[in-house]
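Student: Fold the following.
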Amino acid sequence: MKELRPLTISASIKNRPTVLLTQEYERFVLYQPFSGKGWLNFQLKAFLYQHYKIEMLRTGFFTFQEKKYLCHEMVDGSVLFIDWWQYQWRQKRQFNRFLKPRALFYMYLIDFLFPVFEPSKKWIIPGFKDRFMGHPFPAPQLEQLRFQPMNISQVGLNSVGARTFFRHIKNDLPLFLEDFMALHHDKLRADLKYRIRLSSEYRNHYWNAFQQCFDEEFINYAVAAIKNYMLQL
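Tutor: A predicted model of the protein is given here:
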């Protein structure tokens with residue numbers, strides 16, 4: 001995460017975030033004030049996304065009046081993945097403009113198999129081939145992580161947009177799931193535990209939440225639910 005040196009800062013107005021224009025003419029959105037919990041939450045989420053090779057919006061921070069703020073990149077033309085966009089991929093030709101659709105499926109799998117954050121926002125980034133990127137920060141109101149399993153609908157997989165999108169690659173989804181679970185291993189568990197242990201203030205509570213994601217009974221339930229979802233597409 002780099003330190004930002006804003007050239008200009010647009011004051012926030014109702015329902016719109018504060019936007020920073022850097023000296024390199026890049027735009028970043030002020031997301032939340034820096035806190036120990038928020039920083040740890042970000043690090044753990046970023047580690048999971050990096051482990052599964054999912055792109056995230058770039059992040060930065062800047063200091064104003066001796067207070068530090070976390071920011072994320074604002075990409076021109078980017079839009080949130082929501083049901084309203086499902087009209088764009090009703091046909092295979094329209095769907096083919098997406099690069100690495102596996103990334104979107106993996107983001108949902110992280111939400112489902114690591115239910116310690118709220119479901120993450122997912123962005124469509126425009127280009128010659130559109131691609132998906134994850135939002136880098138957990139919800140700002142999240143005080144501490146807690147293990148709270150969700151069903152398929154709660155993570156958003158049953159939304160019209162998601163079902164329409166994944167129907168185009170339903171024959172590929174079993175392989176995507178297999179590849180994802182191949183990376184859901186003991187080393188991942190050990191790496192997460194190591195990162196959590198570095199934070200003495202929160203490590204007991206956080207590890208109690210994360211270790212439940214590796215419970216065999218929970219994993220079997222989650223994988224069975226995903227397989228049933230794929231059969232119903």
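Student: Following the chain onward from the helix or strand of the chain with the lowest mean pLDDT, which element is next?
Tutor: When each helix and strand of the chain is scored by mean pLDDT, DSSP states H and E, helix 92-95 comes last, with a mean of 61. Next in sequence after helix 92-95, counting helices and strands by DSSP states H and E, comes strand 98-99.
Student: Partner strands of that next one, with direction?
Tutor: In the sheet, strand 98-99 lines up against strand 130-134 (parallel) (DSSP bridges).
Student: contacting residues around the partner strand?
Tutor: For strand 130-134, contacts defined as CB atoms under 8 Å, 6 or more residues apart in numbering pick out 49, 54-57, 75, 78, 81, 97-101, 103-104, 107, 120-125. The way it works is simple: take the backbone N, C-alpha and C, and place the C-beta from them, glycine included.
Student: Run through the residues that contact residue 222.
Tutor: With CB under 8 Å, 6+ apart, residue 222 has these contacts: 112, 113, 149.
Student: cool, residue 119 as well?
Tutor: Residue 119 makes contact with 111, 150, 154, 155, 156, according to CB under 8 Å, 6+ apart.
Student: Which residue, other than its chain neighbours, is closest to it?
Tutor: residue 111 (4.5 Å; CB to CB, 6 or more residues apart in numbering).
Student: give me the number of residues near the one you found?
Tutor: By other CB atoms under 10 Å, the residues close to residue 111 number 20.
Student: What of residue 54?
Tutor: By other CB under 10 Å, 22 other residues sit near residue 54.
Student: now swap in residue 178 and tell me
Tutor: Residue 178 is flanked by 10 other residues according to other CB under 10 Å.
Student: got it, and residue 25?
Tutor: Neighbours around residue 25, by other CB under 10 Å: 7.
Student: Just the pLDDT at it, thanks.
Tutor: Model confidence at residue 25, given as pLDDT, is 82.
Student: Give the phi and psi angles for it, as a check.
Tutor: phi 60, psi 40 (degrees, to the nearest 10).
Student: Let me see the contact set for it.
Tutor: By CB under 8 Å, 6+ apart, residue 25 lies in contact with residue 7.
Student: And the one 4 residues further on, by the same measure?
Tutor: With contact set as CB under 8 Å, 6+ apart, residue 29 has these partners: 17, 18, 19, 20, 71, 72, 73, 74.
Student: Which ones among those map onto strands?
Tutor: Under the assignment DSSP state E, the contacts of residue 29 contribute 19, 20, 71, 72, 73 to strands.
Student: quick one: the last one and residue 55 touch, right?
Tutor: No. Residue 73 is not in contact with residue 55 according to CB atoms under 8 Å; the separation is 10.9 Å.
Student: all strands of the chain, in order?
Tutor: Shown for the chain, the strands assigned by DSSP E span residues 2-3, 6-10, 19-22, 27-33, 59-64, 67-73, 79-80, 98-99, 122-125, 130-134.
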